[in-house]
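Participant: Next input, structure requested:
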Amino acid sequence: MNDERLAQARAWMRQDPDHETRDELAAVITRAAAGDEAAASDLDDRFSTRLAFGTAGLRGALGAGSNRMNRVLVAQAAAGFAAYLREKSRGGTPTVVVGYDGRRNSRVFATDSAELFAGAGLRAILLPRLLPTPVLAFAVRHLGADAGVMVTASHNPPNDNGYKVYLGGADQGSQIVSPADAEIAAHIRRIADADDVSALPRSTDYEMAGEEVVEAYVAATAAIAPAPAGASDLRWVYTAMHGVGWETLSKIVSAAGYPQPMVVEEQLKPDATFRTVSFPNPEEPGAMDLSFARARRVQADFIIANDPDADRLAVAVPDSSSENGWRRLTGNEVGLLLGARAARAAAGTPGASLACSLVSSPGLGAVAAHHGLDFHETLTGFKWISRAPGIVFGFEEALGYLVNPETVRDKDGISAAVAVLGLASEAHERGKSLADLLSELGDTYGYFASGQVSVRVDDLSVIGSVMLSLRTLPPQQLSGHAIASAEDLLHADEGQPSGDVLRYRLSDGSRIIVRPSGTEPKLKVYIDATADSAERASATVGELEAAVRVLLEERS
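Facilitator: As a prediction, this is how the structure comes out:
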């Protein structure tokens, strides 16, 4: 066993305030020192690198070591972020708000952060209890804070946690973007290299936010779509997916005047084990099965689901052609419904715009054009969408929606749920359903369909090889559809979204986008088609999905 690695692990263990991860690491060190090769490999995995701090903050599996989420790593991140905020404040006293969800160690990480921020001379405000991520994003703007930290791993697996960072001021409470991420990471690295975190100054002189912050979020969100008179007989089902959304959403539903939902009791309260789902993401197969079963029993009109930190929203509608009688709408379908709602309200407003990520449905551009609004396509992530000039609505296909940019500059699954309730109520008054609204969208703006092909790999180099192959030898056609143009966004024009993305436009108006996933070992391909009917658009997507699978297999 490498003596240097053992010394590194022991030094980490000595500064760790958490007995659980200390004991975990001590056991691995003992086995590795005795010649256990598996333990030595485990130490290498834990310490050969560190979780990278980027525009998404930190996210990873819980455990001991620099390549895991733990109290040492969080302390280094908090101290580094405090140093960055003090540097930017030019002698002032920065204010930072800290929130946390119901995952393992979320409250511990949040309290550690508040103590370290206060110990560094910042004004630190800790939210009063576990709350949805959108409440933290709201609090940054509402309290006029310089920054915010949310401890959450959103819909990641149960053993993950994360550290999400927002900036106030000119950034308006949005997630960080470059160069702030690199500057913060440099401060964190200096702390990690120079200091034992047990020696960092701490203080319990931080503030606890009052309930008025939550009440202000409730009032602002309820005002998005007050219930019309005909909403009282809506029948809907809700699941919190074992997360923190229910308490806040329930208050907002009452304040807005909607009937309370019939809930999925097994998933209603925060549960860090996520015991009823294999993966706590409404997009994953099986995650909404309990919701479908509940909706069938009560003959609901629709289902609303939040992910565990309630920044995403899923919607499902009855579907007689489906095996279980229900269909989850795609993120693009919900995005176009909500985008059309926002566009109708903003029509005629100078400078108002709709925005979506470049892998989301181009149908939003058609909606914007129909209503005379500006339209912006951004890189993936709400850190970019939220910064679109004049934004009144933004979305991305991965179930993220920004419907109330005056109060929350991030995706917000709770405010989006209220907007959906408003749409469902208006449809109900006309004897229509959410599915009917989707059909009406096609009649007004054109018929759009979307699909996705994802390839998970064990070796990340495979993704790089496939991207290089596609760049070197671009395909000329797919399933008989000629490729009219090929764009490499690594070389995008100035002012356009730039990244490791390939975009193909086909002669029939379809579009294919290929990019590596930013959070998983996956290559993702996004397919969009438009046609003179919903059936033809869907058929084109199906043909292109099959052709893309063949192409990726050939290039792998």
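Participant: Quick check: phi and psi at P280.
Facilitator: Backbone dihedrals for P280, given as degrees, to the nearest 10, come out at phi -80, psi 60.
Participant: my read: it touches D307, true?
Facilitator: Yes - between P280 and D307 there is a contact at 6.8 Å, judged by Cβ atoms under 8 Å. For the C-beta atoms, the positions are set from N, CA and C on the backbone; glycine is no exception.
Participant: any shared contact partners between the two?
Facilitator: H155, M241, G243 (Cβ atoms under 8 Å, 6 or more residues apart in numbering).
Participant: Show the contacting residues for E183.
Facilitator: E183 sits in contact with Y84, where contact means Cβ under 8 Å, 6+ apart.
Participant: What is the three-state secondary structure of T93?
Facilitator: Each residue gets one of three states, and T93 gets coil by DSSP: H, G, I helix; E, B strand; the rest coil.
Participant: Let me know the pLDDT of the nearest residue to it once chain neighbours are set aside.
Facilitator: Counting by Cβ to Cβ, 6 or more residues apart in numbering, R123 is the residue found nearest to T93 once chain neighbours are left out, at 5.6 Å. You'll see R123 listed with a pLDDT of 98.
Participant: Quick check: beta-bridge partners of R123?
Facilitator: T95 (DSSP bridges).
Participant: wait, what's in contact with the closest residue to G230 other than its chain neighbours?
Facilitator: Of all residues not flanking G230 in the chain, E429 sits nearest, at 4.2 Å (Cβ to Cβ, 6+ apart). Residues in contact with E429 (Cβ under 8 Å, 6+ apart) are P228, A229, G230.
Participant: now E429: how far from A355?
Facilitator: E429 is 30 Å from A355, where distance means Cβ to Cβ, to the nearest Å.
Participant: How about D410?
Facilitator: For D410, the distance to A355 - Cβ to Cβ - is 13 Å.
Participant: Comparing those two, which shows the higher neighbour count?
Facilitator: For the pair D410 and A355, the greater number of neighbours falls to A355 (29 against 26), based on other Cβ atoms under 10 Å.
Participant: how far away is that one from D493?
Facilitator: Using Cβ to Cβ, A355 is found at 18 Å from D493.
Participant: So P389 is in contact with S353, correct?
Facilitator: Yes - here P389 reaches S353: they are 6.3 Å apart, a contact under Cβ under 8 Å.
Participant: What residues of the lengthiest helix in the chain count as buried?
Facilitator: In the chain, assigned by DSSP state H, the helix with the most residues is helix 534-555. For helix 534-555, burial by neighbour count (16 or more other Cβ atoms under 10 Å) applies to 534, 537-538, 540-541, 543-545, 547-548, 551-552, 555.
Participant: which among those gets closest to M69?
Facilitator: L552 (32.2 Å; Cβ to Cβ).
Participant: who touches that closest one in this structure?
Facilitator: V453, V455, V466, L523, V525.
Participant: Point out where this protein drops to low pLDDT.
Facilitator: Within the chain, the stretches with pLDDT under 70 are 1, 495, 519.
Participant: how many other residues sit next to the closest residue to N324 other than its chain neighbours?
Facilitator: Once flanking residues are discounted, N324 sits nearest to F292: 4.9 Å by Cβ to Cβ, 6+ apart. For F292, the neighbour count with other Cβ under 10 Å is 22.
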